[in-house]
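S.K.: Following is a predicted model, sequence given first.
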Amino acid sequence: MLGYNRAFQSRKDGVRKGVGALRKYPWEEWFGGYRFELRRGRDYTCSDSSMAQQIRNQAAERGIRVSIVDQGGSLIVVIRSGAVA
């Protein structure tokens, strides 16, 4: 059986995912405050609903609760509870 280091597993888009690897989005920076706004085309390229789900998933991994307001082309994210870095 051949082993591999999962921490540096590459995806099709060339972004490495895993422990200590490069991330597609700067989650720590975004979750470092109490509120942030993301704009489609500048901060993300997927649909608003896909990005909102990614935000919820990343927040849950960090023990953070968020509220997201979809402004049609931008998302406003408010940290509701959890650790703010």
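M.R.: Done, it's in. Numbers count the residues shown, from 1 in each chain.
S.K.: Quick one: list the elements packing against the stretch of helix or strand Leu38 belongs to.
M.R.: For Leu38, the host element (DSSP states H and E) is strand 35-39. Counting contacts by 3 or more C-beta pairs under 8 Å, 6 or more residues apart in numbering; DSSP states H and E, strand 35-39 packs against strand 74-81. The way it works is simple: take the backbone N, C-alpha and C, and place the C-beta from them, glycine included.
S.K.: Can you give me the buried ones in the strand it packs on?
M.R.: 74-75, 77, 79 (16 or more other C-beta atoms under 10 Å).
S.K.: If you count contacts, what does it end up packed against?
M.R.: strand 35-39, helix 48-61, strand 65-70.
S.K.: shouldn't Val69 be in contact with Leu75?
M.R.: Yes. Assessed by C-beta atoms under 8 Å, Val69 is found in contact with Leu75 at 7.1 Å.
S.K.: Run a quick neighbour tally on Arg56.
M.R.: Residues near Arg56, counting by other C-beta atoms under 10 Å, number 15.
S.K.: Look up how far Phe31 lies from it.
M.R.: Separation of Arg56 from Phe31 (C-beta to C-beta, to the nearest Å): 12 Å.
S.K.: quick one on the thing from earlier: adding mean pLDDT and distance to Arg23, write the helices and strands packed on strand 74-81 out as TSV.
M.R.: As requested, the helices and strands packed on strand 74-81 are exported to TSV (pLDDT from 0 to 100; distance: least, C-beta to C-beta, whole Å):
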stretch	mean pLDDT	distance to Arg23
strand 35-39	97	15
helix 48-61	96	9
strand 65-70	96	18
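S.K.: Enumerate every residue touching the nearest residue to Val66 once chain neighbours are set aside.
M.R.: Take Val66 and drop its neighbours on the chain: the residue closest to it by C-beta to C-beta, 6 or more residues apart in numbering is Ala59, 4.6 Å away. By C-beta atoms under 8 Å, 6 or more residues apart in numbering, the contact set of Ala59 is 31, 65-66, 79, 82.
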